[in-house]
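Colleague: A structural model of the following input is requested.
(chains A and B)
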Protein chains: 2
Amino acid sequence: MVAPSPDAHVAPGFPVVGVVGGGQLARMMQQPAIALGVGLRVLATSMEESAAQAVRDVRLGSHHDLDALRSFADGCDVVTFDHEHVPPLLLKTLADEGVVIRPGGRALVHAQDKLIMREALTAAGVSCPQWSAVDEVEQLEAFGARAGWPLVLKTSRGGYDGRGVWVVSSFEEARALIGSTTLAPGARWLAEEKVEFVQELSAQVARSPHGQAVAYPVVRTVQTDGICTEVVAPAPGLTDDEAVAAQQAALTVAKELDVVGMLAVEMFETRDGRVLVNELAMRPHNSGHWSIDGAVTSQFENHLRAVLDLPLGDPSALAPHAVMVNVLGTDKDGLYRAYLHTMARDPGVKIHMYGKDVRPGRKLGHVTVVGDDLDDLLARAHHAADYLAGVIDE
Amino acid sequence: MVAPSPDAHVAPGFPVVGVVGGGQLARMMQQPAIALGVGLRVLATSMEESAAQAVRDVRLGSHHDLDALRSFADGCDVVTFDHEHVPPLLLKTLADEGVVIRPGGRALVHAQDKLIMREALTAAGVSCPQWSAVDEVEQLEAFGARAGWPLVLKTSRGGYDGRGVWVVSSFEEARALIGSTTLAPGARWLAEEKVEFVQELSAQVARSPHGQAVAYPVVRTVQTDGICTEVVAPAPGLTDDEAVAAQQAALTVAKELDVVGMLAVEMFETRDGRVLVNELAMRPHNSGHWSIDGAVTSQFENHLRAVLDLPLGDPSALAPHAVMVNVLGTDKDGLYRAYLHTMARDPGVKIHMYGKDVRPGRKLGHVTVVGDDLDDLLARAHHAADYLAGVIDE
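Modeller: Numbering: from 1, shown residues only, chains lettered A, B, ... in the order given. Here you go, the predicted model:
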């Protein structure tokens, strides 16, 4: 039997923020919530979830259940998210009933539906890869003829961490994939140019309802099988002009889509120095985990400040370089025991674990190191992450 | 009605740390506990206490109640403290029953009883102000003749934040004070030389059961009415030799007293460059709050690492200077509203609030700024703290 959780308690005048979703992003919001004296309530599906371990006020329920969402929101000053999976119709219903939801449903839909996102960004003049909706097979053939093969097929809704994205090398392969794949409700097919990129970038901004916005240093991300595995802040080799262009694109997206909270704009840097928008996330993002240890104000604190309409914190880096590497599960399980070697070998590595059971490929945590020597930081962060995951023995 | 709290949940193999006491120190341990994936259980006296707001596993009970302590400790891998007020006999009983308590009762008694501390430090060759037990009025008269008036009278037990400490200017005043003051159970009177100091220092170290120890930069503390109100890290004007001497004194104290966890050694720097030990605390300490934002590893993380016998983290500073100023309650109450001005004026100030109702003189939180220009940092930190407290309007 699980005892029910007591309500959040805060000092007089302080707000309670409700976070839909009990993953590691909600978990890591609790650290700045403690500092700010803000109450955090989490809607989780079990008391064992990552964020449910870290806060006092846990509500159990599904983000697909309107009654659960209603009861969860009752007593929260603002509701925000750990993920993008709450159905838009439920968000609209709650908003119509007076719940303060940030980011709002009309902004969030651009992080939920990649076709709506492409239409809006293109209309706003933000550079994207070539793209086309694919509702008819003729559209696919025409787009392939225009953008060339291979290309990228995506479902507009329901994908994350590499799911719902395929690289297809020919029209026949694409047609077969579409024929054998069941779309999520409300989802459509989308084809995109396969961009030859120099590196993948992420530009994060925080934006408040007031319209204040701050931009984090643009970072380089490395994806492995669609999962972000390494982040370097700032992105190596980016010129000041390129970095500013990426930040300005992210600020434009935030403003045009009326985003409130953290926005991550994942981009491709092309060989000719352009930046093209790949994906959006309207919440703290894996590409900003370095900011907990590496920036004056972490993305988690600025997300809370933004959704509470507080003035935003300084996003500047504390050191010349920061490197974040994810700890992905293997078939070994000895994470806590691995602390002994990892911490003894490198007293400067910052370990962040998410309270999850080990499963192969699962994001269990991340490590961050900050300092002056990027090669050294990369070696240290990868060693720590590999050792914690059980990939190496020494 | 308050719902009972659910047990701490952690990933397989991860430990649960029990913290006796629900104040801000336990609250601020939750932030690194989240990062390390460690469960935190707090023994509090109400669900409204500072730390009880921030953790899932809250147990209600008194630290004077053996049964409450026993039931609290059941399921904890190690028990540690937010304060020094658990009676030594109860600690011994729990330890005899197999509870792992860190720091152990035999170390902790030196932070509980100032006479036992003075005896141990003097035996270990650590420099202290002149001191004498005062069980008889003749001892007071003799010590006054030797050390000179005014001098400092203290109760050996039961004092904190300036309570239990008096400066008395004459034998008559001292005798009258002793005659009119009821000692706490087990407490004795202690007289100490009133040291003319250049500045007050705090040297913090973390020490693990293995015997590993790390020393934080020595800081300057400013006390107002016995409450620590300002900390500058590192202490200005201290020579390298003086800083090393202070760190070595703290390391000696930690080793000689077999301290596990954080140890703060409060010291006086005398006009002739000596450092004399004033007080000890065996837990995270107000003089180390700067380390949350200003050091690679905060005192709260190193306290957890030490009591879990994990290798200790790097205590180095992230910037040339850090300034921490406490937010003390006034008769005004508009703390959260004051965030608007404070954050807008200075996006780099780090605010830490403890979830407490406002009462005049009460420690409600603290602010920290780090950077290169000490005068600027001092001005910014004091402005932010004063504005939050309601001392100034702009």
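
Colleague: let me see the contact set for the nearest residue to A:Arg380 once chain neighbours are set aside.
Modeller: Of all residues not flanking A:Arg380 in the chain, A:Val369 sits nearest, at 5.0 Å (Cβ to Cβ, 6 or more residues apart in numbering or on different chains). Backbone N, C-alpha and C define where each C-beta goes, glycine included. Taking Cβ atoms under 8 Å, 6 or more residues apart in numbering or on different chains as the contact definition, A:Val369 lies against A:322-323, A:346, A:348-350, A:377, A:380-381, A:384.

Colleague: in terms of helices and strands, where is A:Val369?
Modeller: For A:Val369, the element it lies in under DSSP states H and E is strand A:363-371.

Colleague: break chain A into its domains for me.
Modeller: Split into domains by automatic domain parsing, chain A comes to A:16-101, A:130-193, A:197-389.

Colleague: after the helix or strand containing A:Met267, next one along is what?
Modeller: Assigned by DSSP H and E, A:Met267 belongs to strand A:261-270. On the C-terminal side of strand A:261-270, the nearest following helix or strand under DSSP H and E is strand A:275-281.

Colleague: tell me the phi and psi of the spatially most central residue of chain A?
Modeller: Centroid check for chain A by Cα atoms, centre = their mean gives A:His285 as the closest residue, at 2.8 Å. Phi and psi for A:His285, reported as degrees, to the nearest 10, are phi -140, psi 150.

Colleague: which residues are in contact with it?
Modeller: A:202, A:204, A:262, A:264, A:299.

Colleague: is A:Asp357 in a helix, a strand, or coil?
Modeller: Of the three states, A:Asp357 takes coil according to DSSP: H, G, I helix; E, B strand; the rest coil.

Colleague: A:Gly61 and chain B, how far apart?
Modeller: 16 Å (Cβ to the nearest Cβ, to the nearest Å).

Colleague: got a pLDDT number for the closest residue to chain B within the stretch 101-250 of chain A?
Modeller: Closest contact between the stretch 101-250 of chain A and chain B, by Cβ to the nearest Cβ, is at A:Val214 (7.6 Å). Looking at A:Val214, its pLDDT stands at 98.

Colleague: that one: what's it in contact with?
Modeller: A:Val214 makes contact with A:205-206, A:302, A:312-315, B:347, according to Cβ under 8 Å, 6+ apart.

Colleague: narrow those to those that are buried.
Modeller: With burial judged by 16 or more other Cβ atoms under 10 Å in any protein chain shown, the buried subset of these is A:205-206, A:302, A:312-313, A:315, B:347.

Colleague: which of those fall in strands?
Modeller: Using DSSP state E, the members of the buried ones among the contacts of A:Val214 that fall in strands are A:205-206.

Colleague: I'd like the buried ones among the contacts of A:Val214 as CSV, with pLDDT appended.
Modeller: Shown next, in CSV, are those (pLDDT from 0 to 100):
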residue, pLDDT
A:Val205, 98
A:Ala206, 98
A:Asn302, 98
A:Leu312, 98
A:Gly313, 98
A:Pro315, 98
B:Pro347, 98
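
Colleague: out of the buried ones among the contacts of A:Val214, which is nearest to A:Gly365?
Modeller: A:Asn302 (21.4 Å; Cβ to Cβ).

Colleague: nearest residue to the closest one in space, please, no chain neighbours.
Modeller: For A:Asn302, ignoring the flanking residues on the chain, the nearest one in space by Cβ to Cβ, 6+ apart is A:Ala206 at 3.9 Å.

Colleague: just list whatever residues bridge to that neighbour.
Modeller: Applying DSSP bridges to A:Ala206 gives these bridge partners: A:Val214, A:Met262.

Colleague: what's the answer for A:Ala191, then?
Modeller: Legend: beta-bridge partners of A:Ala191 under DSSP bridges are A:Ser132, A:Leu153.

Colleague: residues near it, how many?
Modeller: Neighbours of A:Ala191 under the rule other Cβ atoms under 10 Å in any protein chain shown: 25.

Colleague: okay, it: pLDDT?
Modeller: 97.

Colleague: phi, psi of A:Ile227?
Modeller: Dihedral angles for A:Ile227 - degrees, to the nearest 10 - are phi -110, psi 130.

Colleague: which strand residues bridge it?
Modeller: According to DSSP bridges, beta-bridge pairing links A:Ile227 with A:Thr224.

Colleague: so it makes contact with A:His366?
Modeller: No - A:Ile227 lies out of contact with A:His366 (Cβ atoms under 8 Å); the separation is 11.7 Å.

Colleague: one step back: the strand holding A:Met267 vs strand A:275-281, what angle?
Modeller: Relative orientation of strand A:261-270 versus strand A:275-281 (axes from the mean of the first three to the mean of the last three Cα atoms, to 10 degrees): 150 degrees.

Colleague: list the helices and strands strand A:261-270 packs on?
Modeller: strand A:197-207, helix A:240-256, strand A:275-281, helix A:299-307 (3 or more Cβ pairs under 8 Å, 6 or more residues apart in numbering or on different chains; DSSP states H and E).

Colleague: can you give me the buried ones in that strand?
Modeller: A:261-270.

Colleague: swap in stretch A:142-150?
Modeller: Buried positions in stretch A:142-150, judged by neighbour count with 16+ other Cβ under 10 Å: A:143-144, A:147, A:150.

Colleague: which of those residues fall within helices?
Modeller: If you go by DSSP state H, the buried residues of stretch A:142-150 have A:143-144, A:147 in helices.

Colleague: got CSV for those, with distance to B:Gln223 and pLDDT too?
Modeller: Listed next are these as CSV, based on distance: Cβ to Cβ, whole Å; pLDDT from 0 to 100:
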residue, distance to B:Gln223, pLDDT
A:Phe143, 72, 97
A:Gly144, 74, 96
A:Ala147, 70, 95
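
Colleague: quick one: secondary structure of the residue lying farthest from the centre of chain A?
Modeller: Computed with Cα atoms, centre = their mean, the residue of chain A farthest from its C-alpha average is A:Glu138, at 33.9 Å. With three-state DSSP as the basis, A:Glu138 sits in helix.

Colleague: now do it against B:Val205, distance only.
Modeller: 73 Å (Cβ to Cβ, to the nearest Å).

Colleague: and A:Val16, by the same measure?
Modeller: 38 Å.

Colleague: circling back to that earlier point, tell me, what's touching A:Ile227 and A:His366 both at once?
Modeller: A:Asn326.

Colleague: hang on, the earlier thing: from the contacts of A:Val369, which two are the most distant?
Modeller: A:Ala322 and A:Asp346 (14.8 Å).

Colleague: who has more neighbours out of these two?
Modeller: Taking neighbours as other Cβ under 10 Å, A:Ala322 and A:Asp346 compare with A:Ala322 leading, 28 against 20.

Colleague: who's in contact with the more buried one?
Modeller: Contacts of A:Ala322 (Cβ under 8 Å, 6+ apart): A:231-233, A:290-291, A:293-295, A:368-370, A:377.
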